[in-house]
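Peer 1: just the structure for this:
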Amino acid sequence: MRAVAVCLSFFLVMLDSTIVTVALPSIGGGTATLQWVVDAYTVVFAALVLAGGSLADRFGARRAYRAGVMIFTLGSIMCAGSGTASAWLIAGRVVQGVGAAVLMPSSLALIRSTYPEPATQARIIGLWGGLGGVAAAAGPLLGGALLSVAGWPALFLLNVPFAVLVLVVSGGLVDPPVVPGARVDVRGVVTSTCGLALLVAGCIAHRADLVAGGALVLGLFVALQRGALQRRALQSRRPASMLRPDLLRHRALRATVITGFALNFGFYGQFFLVTLYLQQQRHLSPLLTGVALAVQAAGAVVGSPFGGWATHRSGPRTTMLIGLLTGAAGFVALALCASGPLPAVLAALFVIGFGIDTAMTAATSLTLQVAPDGHAGVASGLLNTMRQVGSALGVAVLGAIGGFATAVLIAAGTYLAAAVLVALRTAAPGTTAPGTAAPGTAAPALPATPAPPAPPAVPRARRIGGSS
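Peer 2: Just a heads-up that it's a prediction; the model follows:
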């Protein structure tokens with residue numbers, strides 16, 4: 001029951017994302033409006049998930065987990081009450097993004113604390129991803145079925161009973177140790193949110209000035225973070241920075257978070273396009289579109305436990321390479337058969353889903369292995385930050401490209417580039433590079449944050465006379 005409790009959050013988030021995508025043609029509005037219905041959620045998720053990890057480390061992962069579920073539920077109710085593709089709907093998606101940013105890293109921190117043994121942990125991560133795959137498979141089917149009998153607001157209300165179930169069964173989870181010095185970098189949150197929003201807006205509107213502005217603001221965010229880390233190094237008694245410098249220096253972790261970016265860039269970009277392609281070019285009904293997308297989600301259902309098994313047997317490096325190369329092959333096949341028979345399209349979608357969840361399970365496992373004690377929330381938050389940045393930019397960039405096949409081939413190229421990075425920046429078979437582990441073994445964890453030095457003892461005054 002504890003395993004189900006800690007994995008239900010990913011199920012809830014994935015169920016919502018796939019249902020919403022299937023409903024986009026029914027919601028109505030232009031392509032730019034629909035892109036914002038998706039990206040209003042992912043931009044906020046990406047910008048706040050690292051802060052959500054800090055909150056989990058500071059106040060307790062279980063408390064953050066439950067709070068995130070409640071915020072996500074509130075956003076779902078707001079979306080259901082909007083009635084149209086309006087600003088209120090987008091505002092509800094923003095609230096959903098806030099809730100998901102809190103609950104996602106806390107769920108991974110709870111996996112690490114509840115299941116500390118590496119082999120068991122890898123299996124639970126496989127279950128975590130598998131339930132997400134089940135949700136991805138059920139989302140299109142449920143969405144298509146509900147759209148056949150009710151309006152699209154009912155799709156958001158479906159989140160409410162699942163959220164109640166999460167709150168009921170999450171009481172037995174084991175909280176990891178809290179980090180009293182962990183804090184939320186408000187300045188970094190503001191700059192990263194504004195920068196990412198400008199970048200996405202520029203891609204959607206095809207405006208180079210907004211893209212440049214977003215890149216500049218994100219550059220400012222990186223500079224502010226580097227400055228904060230340098231000040232932390234010089235002043236060891238200050239509260240810990242939201243992002244530890246040694247997390248950024250770890251080669252395996254850098255390769256992992258970039259892999260997470262590439263995986264979501266390709267998946268969510270093509271998922272947005274495939275939904276419109278099936279209904280607008282193939283003229284499938286919402287229910288049949290849901291069936292087609294469920295085939296891709298079924299590949300993810302198979303890929304997640306396979307990724308957990310392969311990570312335990314061969315190590316995360318080999319498993320990530322298998323997943324990335326398989327996903328790239330699926331994208332190429334989808335581009336080649338876009339105008340061909342529908343069964344060929346479905347086969348390509350299955351291969352893509354299998355590859356994505358195989359690689360993501362390994363990437364998530366490696367992130368938890370290298371995270372220092374008390375900082376699993378921030379490490380998983382860093383991974384999920386890059387994943388959600390990839391989701392937002394994938395929808396914005398691939399959605400702005402005119403040709404379906406061209407956009408899908410760009411996604412394939414992204415996966416191949418990530419595979420090259422994993423191959424070069426992690427240990428080769430039989431060797432161990434700095435900051436990585438040999439295949440089949442757990443990657444060395446980063447050292448725990450050292451406690452600040454105690455102030456020097458004040459010499460006791462020599463007693464001259466009188467009484468104390």
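
Peer 1: tally of neighbours for residue 78?
Peer 2: Residues lying near residue 78 (other CB atoms under 10 Å) number 19. All C-beta spots, glycine's among them, are computed from the backbone N, C-alpha and C.

Peer 1: which helix or strand contains it?
Peer 2: helix 61-80 (DSSP states H and E).

Peer 1: can you pull the buried residues of the following helix or strand past that helix?
Peer 2: Scanning forward in sequence from helix 61-80 by DSSP H and E, the next helix or strand is helix 87-114. Within helix 87-114, the residues that count as buried by 16 or more other CB atoms under 10 Å are 89-90, 92-114.

Peer 1: confidence score at the closest residue in space to residue 78 that isn't next to it in sequence?
Peer 2: Distances taken as CB to CB, 6 or more residues apart in numbering put residue 92 closest to residue 78, at 3.3 Å, once the chain neighbours are dropped. pLDDT recorded at residue 92 is 91.

Peer 1: show the contacting residues for residue 92.
Peer 2: Counting by CB atoms under 8 Å, 6 or more residues apart in numbering, residue 92 makes contact with 75-82, 156.

Peer 1: check residue 42 too.
Peer 2: Residues in contact with residue 42 (CB under 8 Å, 6+ apart) are 97, 268, 388, 391-392, 395.

Peer 1: what's the answer for residue 39, then?
Peer 2: 200, 204, 392, 395-396.

Peer 1: if you set the cut-off to 6 Å instead, what comes out?
Peer 2: 200, 392, 395 (CB atoms under 6 Å, 6 or more residues apart in numbering).

Peer 1: try residue 299
Peer 2: 350, 353-354.

Peer 1: which one of the residues you listed is nearest residue 15?
Peer 2: Nearest to residue 15, judged by CB to CB, of the contacts of residue 299 is residue 353 at 15.4 Å.

Peer 1: circling back to that earlier point, residues of the helix holding residue 78 that come out buried?
Peer 2: So, applying 16+ other CB under 10 Å, buried residues of helix 61-80: 61-62, 64-69, 71-76, 78-80.

Peer 1: centre-most residue in this protein?
Peer 2: residue 384 (3.4 Å; CA atoms, centre = their mean).

Peer 1: I figured that one hits residue 104, correct?
Peer 2: Yes: Residue 384 lies in contact with residue 104 (CB atoms under 6 Å); the separation is 5.2 Å.

Peer 1: anything in contact with each of these two?
Peer 2: Contacts common to residue 384 and residue 104, judged by CB under 6 Å, 6+ apart, are absent.

Peer 1: re the thing from before, let me have the contacts of residue 299 in TSV, extended by neighbour count, distance to residue 167 and secondary structure.
Peer 2: Compiled in TSV, the contacts of residue 299 are given as follows (neighbours: other CB atoms under 10 Å; distance: CB to CB, whole Å; DSSP: H, G, I helix; E, B strand; the rest coil):
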residue	neighbour count	distance to residue 167	secondary structure
350	19	34	helix
353	30	30	helix
354	26	32	helix
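
Peer 1: residues contacting residue 15?
Peer 2: 135, 139.

Peer 1: helix or strand: which one has it?
Peer 2: Counting by DSSP H and E, residue 15 is part of helix 2-27.

Peer 1: may I see the buried residues of the helix or strand just after that helix?
Peer 2: Later in the chain than helix 2-27, the nearest helix or strand by DSSP H and E is helix 31-59. Within helix 31-59, the residues that count as buried by 16+ other CB under 10 Å are 33-59.

Peer 1: would you map out the domains in this structure?
Peer 2: When the chain is parsed with automatic domain parsing, its domains come out as 2-184+242-425, 185-241.

Peer 1: of those, which stretch is the most buried?
Peer 2: Most buried of these, by mean neighbour count (mean count of other CB atoms under 10 Å): domain 2-184+242-425, with a mean of 22.

Peer 1: surely residue 44 touches residue 93?
Peer 2: No: using CB under 6 Å as the test, residue 44 is too far from residue 93 to be in contact (8.0 Å).

Peer 1: helices along the stretch 301-450 of the chain, start to end?
Peer 2: Applying DSSP state H, counting those that start in this stretch to the stretch 301-450 of the chain gives helices spanning 316-336, 342-370, 376-400, 404-425.

Peer 1: hey, least reliable of these by pLDDT?
Peer 2: Mean pLDDT per stretch puts helix 376-400 lowest among the helices of the stretch 301-450 of the chain, at a mean of 77.

Peer 1: for it, packing partners?
Peer 2: Helices and strands touching helix 376-400, by 3 or more CB pairs under 6 Å, 6 or more residues apart in numbering; DSSP states H and E, are helix 31-59, helix 87-114, helix 186-205, helix 251-276, helix 342-370.

Peer 1: at 8 Å what do you get?
Peer 2: Packing contacts for helix 376-400, counted by 3 or more CB pairs under 8 Å, 6 or more residues apart in numbering; DSSP states H and E, involve helix 31-59, helix 87-114, helix 186-205, helix 245-249, helix 251-276, helix 342-370, helix 404-425.

Peer 1: quick one: it to helix 251-276, angle?
Peer 2: On the basis of axes from the mean of the first three to the mean of the last three CA atoms, to 10 degrees, helix 376-400 is oriented at 40 degrees to helix 251-276.

Peer 1: helix 376-400 versus helix 87-114: what angle between them?
Peer 2: 140 degrees.

Peer 1: follow-up on the earlier one: quick check: which of the helices of the stretch 301-450 of the chain is nearest to residue 124?
Peer 2: Smallest distance to residue 124 across these (CB to CB): 9.8 Å, for helix 342-370.

Peer 1: now the helices and strands packed on helix 376-400 in TSV, please, with extra columns for distance to residue 164.
Peer 2: Listed next are the helices and strands packed on helix 376-400 as TSV, based on distance: least, CB to CB, whole Å:
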stretch	distance to residue 164
helix 31-59	21
helix 87-114	14
helix 186-205	29
helix 245-249	35
helix 251-276	27
helix 342-370	26
helix 404-425	36
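
Peer 1: distance from the chain centre to the helix holding residue 15, please.
Peer 2: 13 Å (CA atoms, centre = their mean, to the nearest Å).

Peer 1: okay, angle between that helix and helix 251-276 too, please.
Peer 2: Using the same axes, to 10 degrees, helix 2-27 lies at 40 degrees relative to helix 251-276.

Peer 1: show me what the helix holding residue 78 is packed against.
Peer 2: In terms of contacts (3+ CB pairs under 8 Å, 6+ apart), helix 61-80 is packed against helix 2-27, helix 31-59, helix 87-114, helix 153-157, helix 159-169.

Peer 1: for residue 123, find the nearest of those.
Peer 2: helix 2-27 (8.9 Å).

Peer 1: was I right to think residue 52 contacts residue 99?
Peer 2: No: in this structure, residue 52 is not within contact of residue 99 by CB atoms under 8 Å, at 9.2 Å.

Peer 1: low-confidence ranges, the stretch 101-250 of the chain, go.
Peer 2: For the stretch 101-250 of the chain, the stretches flagged by pLDDT under 70 are 133, 136-137, 171-185, 188, 206-250.
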